[in-house]
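>>> What would the 3D arrangement of this be:
(2 chains)
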Amino acid sequence: MSSPAIALSHVSKMYRRYSGRQFATLKSALLQRSLLRDLRPDEVFLALDDVSFTVAKGQTLGVIGRNGSGKSTALKLVAGITKPTSGTVQVQGRISALIELGAGFHPEISGRENVYINGIMLGLSRREIERRFDEIVEFAELEDFIDAPVKTYSSGMYMRLGFAVAIHVDPDVLLVDEVLAVGDEAFTHKCLDKFSEFKRRNKTILLVTHSLGLVERFCDEALWLDRGRNRGQGDPTRIIGAYMTDVERQEERLLAETDARTKEAVGAPPTATNDDGPVDAGEAAADMTRAAEGRWGSGGVEITGVTLVGSHGTPTQIFHTGESITIRLSVNAPTPVTDFVFGVGIFNAEGVFVYGTNTDIEEYEPDELSGEAEVAFIVDSLDLVEGTYKLDVAVHRRDGAAYDYHRLLYTFRVKSRVKDVGIYRPKHRWEFSPSVKLRPRP
Amino acid sequence: MWHNLATLLRYRGLIRSLVARELKARYRGSVLGFFWSFINPLLLLSIYTFVFTAILPNRDPNTTPYSLFMFCGLLPWTWFSSSLNEAAGSLISGANLIRKVLFPAEVLPIVAVLANMVHFFLGLLILTAFFVWHQYTPDWLDLVWFPLVVAIQLIFTTGLALALSALTVHFRDIRDLLANLLTFWFFATPIIYPYYGEGVEQWKWLFNLNPFFHLSVSYQEVLFFRGSFIEGHLKLLLLFGVLSVGVFLAGYWVFDRLRDSFAEVA
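Reported below is the predicted structural model:
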């Protein structure tokens, strides 16, 4: 194998946080004789922590990771815009960085003049720009506006021109930082085509993006950065899988925290002293868009715990479409009751009532409930599209008066590999007559 | 540092384009456009002519016509002060470039100095026109020294501009401080009064410490006053020339030392 196009070896990047100096001025620095001390950082922040990776010539590497994981810092180091605090960065060949498109444009002068100056900034000679000028303008689709001042451009036009110049630098190493979101659909395709052309011509590409699909489709390898550390490099599908699992775990923790806070805010369980439940369950559900989290009821029966259980039998808040979900209620009736109904309602993030049912609707006749008990509501296949959902759970009388009503206190998230839309995903399949030529994407 | 200084030469093309852009962009959208580069010094000169002929008539025969005398010092001063003012903020206003593009930061203050130098040259055309109008002939032999004075001012100003721009990134106060300092500096320099006056002679050693004193006196002797420049201020100017190379290197050193912080702080 030839020497790699990009090689980072034990690279750390420390950003200094001059917290105390945020509003400090020269005057105060001089007065407090702290000029020299203040030039030293109070606090340091490791954006990259001992990261090593290489990209072979002609390879495309997708860098993924959460916000603040050091992706852009890594890109800036490769571009040479910032220097590593320790470690070495080696890059072979001409670099073009698509980090901020049109960063050097001057609003007052024409697109034409800006193309020249931007090109020179990016390392082209005047003659090279002249040769590529028509191509650049054509790529940016700005033939009619190229002599107008750049300040009259729409943001899309501005970005397109910036992209066109940067991509026509004809680099050996192309660095891309989440810039594909700039244009309309057609322009995005054009950019991707251009990237593919780069790949064919054996150029090296480093792509920072949150679009995992793009990494999977387009990159030879993926690199996962997490809080400044290299969590793995290799086959995109494998790395993305590992990343997704981690994100889900994180989300779950977050959901649990949020739910815990909501419950705390809603307050203590209702006591048995206030008698009638104030609200009818069915009516309240109809006005969901304005409903807020809450808990009410007479307290004759108390829901002491709600657990969501996934297909592996363990409590979780992240489910995948098609998996089973079990909503387990722990209830307690200190004095026996004979009129009781268990109910469950599912709402999506927009407040749309997705599904609701109770034991009365499903024709269970209550006889007696006393002491501690467990109730499970089991869905064998959770056929919902990806999104966040909230739960109502309740125990109430048959006339609707609540013993204990938990409104939207529980959150769960449904994940799906398929980005279909709507709320409900019915079990389905496609059939085609032989003349329809289709095959599943690999 | 020496390596970086050498690569600066590679950016000639970039500096040239940026200076051209600066000049083009400045008057874009105004009716008179590029003519403002002439009209500005012309109007300034008219105001001073009016003040010093009608309101405060000048009595010193050596500095007649007074407006011409004063303009010889005022033009280089304008170049100097606007360069420093613009350079001080140049890295901050160019932060987008420094943070997002691999861009040689020293180009920005240098462009500020050079763009103002072009304005200075355009102002010289107005000055020439006034020489003709007043039918005032300078010492032709002295004029050969003119490029030297300009070169020394360029080196000196660039050195200061580099250091100021780098320090302003860390201490934004410098921009405000600078504006006031420059006003004081202007009156502390013999520009609107002659350098041989009583007040100046008395404090000669103090004036000698003022770097711009040597420049303004040289401009006045070369362009305006009779008498050979070689006999006059030349020796001190050459000394100052050596010093200004030192200022340039020191300025570049400060800039180079702080260079890595620009992408993070600017």
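
>>> So which residues on the stretch 51-200 of chain B come close to chain A?
B:96-103, B:170-174, B:177 (Cβ under 8 Å from any Cβ of the partner chain). Quick note: C-beta positions are derived from backbone N, CA and C, even for glycine.

>>> Which members of these are classed as buried?
B:97, B:98, B:99, B:100, B:101, B:102, B:103, B:170, B:171, B:173, B:174, B:177 (16 or more other Cβ atoms under 10 Å in any protein chain shown).

>>> Now the two most distant members of the residues you listed.
B:102 and B:177 (31.7 Å; Cβ to Cβ).

>>> Can you name the residues that contact the closest residue to residue B:75 other than its chain neighbours?
Leaving aside its chain neighbours, residue B:75 sits nearest to residue B:123 (4.7 Å; criterion: Cβ to Cβ, 6 or more residues apart in numbering or on different chains). By Cβ atoms under 8 Å, 6 or more residues apart in numbering or on different chains, the contact set of residue B:123 is B:37, B:38, B:40, B:41, B:75, B:78.

>>> So for the residue most central in space within chain B, what's the pLDDT?
In chain B, the residue lying closest to the centroid (Cα atoms, centre = their mean) is residue B:80, at 2.2 Å. We have a pLDDT of 96 for residue B:80.

>>> so how far is chain A from it?
22 Å (Cβ to the nearest Cβ, to the nearest Å).

>>> Can you verify my assumption that that residue contacts residue B:154?
No. Assessed by Cβ atoms under 8 Å, residue B:80 is found out of contact with residue B:154, at 10.1 Å.

>>> Where does the stretch 1-150 of chain A get nearest to chain B, residue-wise?
Nearest residue of the stretch 1-150 of chain A to chain B (Cβ to the nearest Cβ) works out as residue A:100 at 3.5 Å.

>>> neighbours around that residue, how many?
Neighbour count of residue A:100, defined by other Cβ atoms under 10 Å in any protein chain shown: 17.

>>> OK, contacts around it?
A:162, B:96, B:99, B:100, B:101.

>>> cool, residue A:390 as well?
Residue A:390 neighbours (Cβ under 8 Å, 6+ apart): A:346, A:347, A:348, A:349, A:408, A:410, A:411.

>>> in chain B, which spans are helices?
B:2-8, B:12-27, B:36-50, B:66-93, B:95-100, B:107-133, B:146-170, B:173-187, B:198-202, B:204-209, B:211-223, B:234-265 (DSSP state H).

>>> Give the buried residues for the longest one.
Pointing back at helix B:234-265 there. B:234, B:237, B:240-241, B:244, B:247-249, B:251-256, B:258-259, B:262-263, B:265.

>>> quick one: the most far-flung residue of chain B relative to its centre from residue A:72, how far?
In terms of distance from the mean C-alpha position of chain B, residue B:100 ranks first, at 30.9 Å (Cα atoms, centre = their mean). Distance, residue B:100 to residue A:72, using Cβ to Cβ, to the nearest Å: 10 Å.

>>> what residues are shared contacts of those two?
Joint contacts of residue B:100 and residue A:72 (Cβ under 8 Å, 6+ apart) are residue A:99.

>>> now, of the helices of chain B, which is deepest in the fold?
helix B:211-223 (a mean of 24; mean count of other Cβ atoms under 10 Å in any protein chain shown).

>>> ok, the nearest residue to residue A:427 once chain neighbours are set aside - contacts?
Distances taken as Cβ to Cβ, 6+ apart put residue A:383 closest to residue A:427, at 6.6 Å, once the chain neighbours are dropped. Taking Cβ under 8 Å, 6+ apart, we find residue A:383 in contact with A:321, A:322, A:424, A:425, A:426, A:427.

>>> Name the nearest residue to the residue in the stretch 1-150 of chain B that chain A sits nearest to, ignoring sequence neighbours.
Closest residue of the stretch 1-150 of chain B to chain A, Cβ to the nearest Cβ: residue B:100 (3.5 Å). Nearest non-adjacent residue to residue B:100, counting by Cβ to Cβ, 6+ apart: residue A:100, 3.5 Å away.

>>> Please tell me how far residue A:396 sits from residue A:389.
21 Å.

>>> Comparing those two, which shows the higher neighbour count?
Taking other Cβ under 10 Å, residue A:396 and residue A:389 do not tie; residue A:396 has more neighbours (26 against 22).
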